[in-house]
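Chemist: I need the structure of the sequence given here:
(chains A and B)
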Amino acid sequence: MTVTTYEEPQRSLALRFAARFREWLPAIVIFGVGLAVWQWVLPDIVGVQRFLLPRFSAVAATFWTERDALWSAGWFTFKEALGGWAIGCSCAFLAALTLARWRPLGRAFMPYAIAANAIPIIAFAPITNAWFGTFSPHSKMAIAAVLCFFPVLVNSLRGLTSVRPESIELMRSYAASEASTFRRVRIPNSLPFVFSGLKVASVLAMIGAIVGDYFGGSIEALGIQIRSSVGISQFEYAWAAILVASILGLVFYGSISLVERRVLRWHPSSRRIE
Amino acid sequence: MSTDTVVSAKEVSKVFGKGGVVALQGIDLEVTRGEFVSLIGPSGCGKSTLLRVVGDITEPTSGDVTVNGKPARQAREDRDYGIVFQAPVLFDWRTVAKNIGLPLEMQRWDRGRRQARVAEMVELVELTGFEKHYPWQLSGGMQQRVSIARALAFAPPLLLMDEPFGALDEMTRERLNLELLRIWAETGSTVIFVTHSISEAVFLSTRVAVMSPRPGRISALVEIDLPQPRTAETREHPHFFELVTEVREALHATGADQVEEQLAAEVAE
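Modeler: Now for the predicted structure:
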């Protein structure tokens, strides 16, 4: 009998590094070309004005000189996003568990959850400011939480209910309780779906926090700083702040992906395709 | 009903839905300890439904099913049977060892006892070395062996198998047939086996129940008096061919022709 394993052949560290580098080379080239276009082609050849897009070097300089202010503002807004994400996602998963356990309830609520997924919830940002206080981070958390809620609910519910009937029949043959079936079958089955919901939600939470700031908030918040620096023509600062927001968003998304990779090691998608 | 009776179905009928599709009608079947009974018939004859009724996964519309002298529901709650489906139905997030150990976990076996039992089962289905693999790392035949090991792990007195080898290629199927017979002989369990392969039914069974469709009923019972233990040579035994012919004729006598009549009658209505 042959043993099927997916182990990488043993190679020296230098060779592995070289292989990795070759793999990433096209992406690195594109990155360099993008920066060059931003730095020289757009301002010098196309003639893009500073108030439309400052040179990369100017943005980078501001990003460095203003680093303390930028990162503390970024951290402030990131906490708003993270708080909203955590609240929204946990409520959504609990709601999904409830709706999966009592299916008639699920059937009653699902059309609204799906419809809510399609409405621009961000439009409520001024309202949450009115409800929870314009200068309080809670109003941004609220909008971020609502934004996160529906995609996580819809994804989780799909994961909890898309179990093959034989799995349930098997658990029935073991005289398993409903709680045991959830713990051993439905919840593990839902995890890949839940993680895609969590990743989408991380992006939405950042959007919610920053756009929430645009409608008024603490001067320490990143969104407020972007808005006010544009107001006083400090475009380099605005772009540097957007860069901070992008980096934080990527780190947020990337961290969830890392956790996902570790938790879902059993999933067929973890198969290495070389 | 003798004490050796494992399964006893009396006048079992099953009607699906409001349209009243009669899946089973007046089924009587007794299976005694140590028997290997195959249910064979064309698609839609209710053989899987009968298996599910015995396992209390589906409830009959009327009639009685007892397993080990208890109502089917009680037997299920006492975990009197193990079940194997056509698909392996393994849990992707569990390794081979953890999949096999699932029923033991459900019955709260302690860790040490569970591990010992799983190791024994892995050896029985010849998957040593694969304990830590996840289902997607195994071939279809290996996955089905895991599901058989899982069904046998808690040594249930009855094994229900719903076309377990239906999705496998012929070579794997024949090898697993032999393995199943070896396991059956070693464990002394009672098996009800659903298939639509005539030769598989004859090769494996001590008795074959031929079912006819619409409404599903048992139209013939064929004793398979081939010598035990069966080997690859059994398939070349002249008596094997006689029995295959007998089952085939029983199938033809009731199966296809009756469907035609039924359809004609329905059209006439």
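
Chemist: Isn't B:Val22 up against B:Pro213?
Modeler: No: contact criterion C-beta atoms under 8 Å: B:Val22 and B:Pro213 do not qualify, at 9.8 Å. To be clear about C-beta, it is placed using only N, CA and C from the backbone, and glycine gets the same treatment.

Chemist: tell me the secondary structure for B:Gly82?
Modeler: Using DSSP: H, G, I helix; E, B strand; the rest coil, the structure places B:Gly82 in strand.

Chemist: Need the nearest residue in space to it, chain neighbours excluded.
Modeler: Using C-beta to C-beta, 6 or more residues apart in numbering or on different chains and skipping the chain neighbours, the partner closest in space to B:Gly82 is B:Ala151 (3.2 Å).

Chemist: cool, B:Arg248 as well?
Modeler: Per C-beta to C-beta, 6+ apart, closest to B:Arg248 is B:Ile198, 5.6 Å.

Chemist: what sits against the one you found?
Modeler: When contacts are counted by C-beta atoms under 8 Å, 6 or more residues apart in numbering or on different chains, B:Ile198 touches B:40, B:244, B:247-248, B:251.

Chemist: can you check A:Leu35 too?
Modeler: For A:Leu35, the contact set (C-beta under 8 Å, 6+ apart) comprises A:Phe56.

Chemist: Distance of it relative to chain B?
Modeler: A:Leu35 is 41 Å from chain B, where distance means C-beta to the nearest C-beta, to the nearest Å.

Chemist: and if you look at A:Leu191?
Modeler: 8 Å.

Chemist: still on that earlier bit, the residue nearest to B:Gly82: helix or strand, and which one exactly?
Modeler: Taking DSSP states H and E as the definition, one finds B:Ala151 inside helix B:140-152.

Chemist: mind listing what's buried in whichever strand or helix holds A:Ile207?
Modeler: Assigned by DSSP H and E, A:Ile207 belongs to helix A:187-214. If you call a residue buried by 16 or more other C-beta atoms under 10 Å in any protein chain shown, then helix A:187-214 has these buried ones: A:187-213.

Chemist: any low-confidence regions in the chain?
Modeler: As the question left the chain open, I've gone with chain A. Residues of chain A that meet the criterion pLDDT under 70 lie in A:1-11, A:270-274.

Chemist: wrong chain, I was asking about chain B
Modeler: For chain B, the ranges with pLDDT under 70 are B:1-3, B:255-269.

Chemist: Give me every residue in it lying close to chain A.
Modeler: Within chain B, the positions near chain A by C-beta under 8 Å from any C-beta of the partner chain are B:52, B:55-57, B:76-79, B:81-83, B:85, B:87, B:89, B:91-95, B:102-103, B:106-107, B:126, B:129-130, B:134, B:136-139.

Chemist: Apply 6 Å and report the result again.
Modeler: Proximity of chain B to chain A (C-beta under 6 Å from any C-beta of the partner chain) is limited to residues B:55, B:57, B:76-77, B:83, B:85, B:89, B:92-93, B:103, B:106, B:134, B:136.

Chemist: of the residues you listed, buried ones?
Modeler: Buried among these (16+ other C-beta under 10 Å): B:55, B:57, B:76, B:83, B:85, B:89, B:92-93, B:103, B:106, B:134.

Chemist: As a markdown table, these with secondary structure would be great.
Modeler: Below are these laid out as a markdown table (three-state DSSP):
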| residue | secondary structure |
| --- | --- |
| B:Gly55 | coil |
| B:Ile57 | coil |
| B:Arg76 | helix |
| B:Ile83 | strand |
| B:Phe85 | coil |
| B:Val89 | coil |
| B:Asp92 | coil |
| B:Trp93 | coil |
| B:Pro103 | helix |
| B:Met106 | helix |
| B:Tyr134 | coil |
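
Chemist: what about B:Arg173, neighbour count?
Modeler: For B:Arg173, the count of nearby residues is 17 (other C-beta atoms under 10 Å in any protein chain shown).

Chemist: Leaving out the residues flanking it, which one is nearest to it?
Modeler: Leaving aside its sequence neighbours, B:Arg173 sits nearest to B:Phe165 (C-beta to C-beta, 6+ apart; 4.4 Å).

Chemist: Secondary structure class of the one you found, three-state.
Modeler: Three-state assignment for B:Phe165 (three-state DSSP): coil.

Chemist: returning to that earlier point: when B:Val22 and B:Pro213 are compared, which one has more neighbours?
Modeler: Neighbours were counted for B:Val22 and for B:Pro213 using other C-beta under 10 Å; B:Pro213 has more, 22 against 17.

Chemist: mind checking how far the closest residue to A:Gly217 other than its chain neighbours is from chain B?
Modeler: What sits nearest to A:Gly217 in space, not counting adjacent residues and going by C-beta to C-beta, 6+ apart, is A:Ile224, at 5.1 Å. Taking C-beta to the nearest C-beta as the measure, A:Ile224 falls 44 Å from chain B.

Chemist: A:Ile224: neighbour count?
Modeler: Other residues lying near A:Ile224 total 23 when counted by other C-beta under 10 Å.

Chemist: swap in the one 4 residues further on?
Modeler: A:Ser228 is surrounded by 13 other residues when neighbours are defined as other C-beta under 10 Å.

Chemist: Tell me which other helices or strands the host helix or strand of it touches.
Modeler: Under the criterion of DSSP H and E, A:Ser228 resides in helix A:222-231. Packing contacts for helix A:222-231, counted by 3 or more C-beta pairs under 6 Å, 6 or more residues apart in numbering or on different chains; DSSP states H and E, involve helix A:67-101, helix A:187-214, helix A:235-263.

Chemist: quick one on the thing from earlier: just the CA trace of the helix holding B:Ala151, in CSV.
Modeler: Extracted in CSV, the C-alpha atoms of helix B:140-152 (Å, rounded to 0.1, in the frame of the first residue of the first chain):
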residue,chain,number,x,y,z
GLY,B,140,-12.4,6.7,-1.5
GLY,B,141,-11.8,3.1,-0.6
MET,B,142,-9.8,4.0,2.5
GLN,B,143,-12.4,6.5,3.5
GLN,B,144,-15.1,3.8,3.4
ARG,B,145,-12.9,1.5,5.5
VAL,B,146,-12.7,4.3,8.1
SER,B,147,-16.5,4.5,8.1
ILE,B,148,-16.7,0.8,8.5
ALA,B,149,-14.2,0.9,11.4
ARG,B,150,-16.3,3.7,13.0
ALA,B,151,-19.5,1.6,12.7
LEU,B,152,-17.8,-1.4,14.3
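
Chemist: Next secondary structure after it?
Modeler: Following helix B:140-152 in sequence, per DSSP H and E, is strand B:158-162.

Chemist: Parallel or antiparallel, which strands does that following strand pair with?
Modeler: Applying DSSP bridges, strand B:158-162 is found paired with strand B:81-84 (parallel), strand B:190-195 (parallel).

Chemist: what helix or strand does B:Ala209 sit in?
Modeler: According to DSSP H and E, B:Ala209 maps onto strand B:207-212.

Chemist: how about the strands of chain B, start to end?
Modeler: B:5-16, B:21-32, B:36-40, B:62-67, B:70-71, B:81-84, B:158-162, B:190-195, B:207-212, B:217-223 (DSSP state E).

Chemist: Give the partner strands of the fifth one in its sheet and their orientations.
Modeler: Here the strand partners of strand B:70-71, with direction, are listed using DSSP bridges: strand B:62-67 (antiparallel).

Chemist: What residues of the strand it pairs with count as buried?
Modeler: B:63, B:65-67.

Chemist: Give me the angle between it and strand B:5-16.
Modeler: With axes from the mean of the first three to the mean of the last three C-alpha atoms, to 10 degrees applied, the angle from strand B:62-67 to strand B:5-16 works out at 150 degrees.

Chemist: how far is strand B:62-67 from where the chain is centred?
Modeler: Strand B:62-67 sits 18 Å away from the centroid of its parent chain (C-alpha atoms, centre = their mean, to the nearest Å).

Chemist: Just the angle for it relative to strand B:21-32, thanks.
Modeler: Using the same axes, to 10 degrees: strand B:62-67 against strand B:21-32 is 30 degrees.
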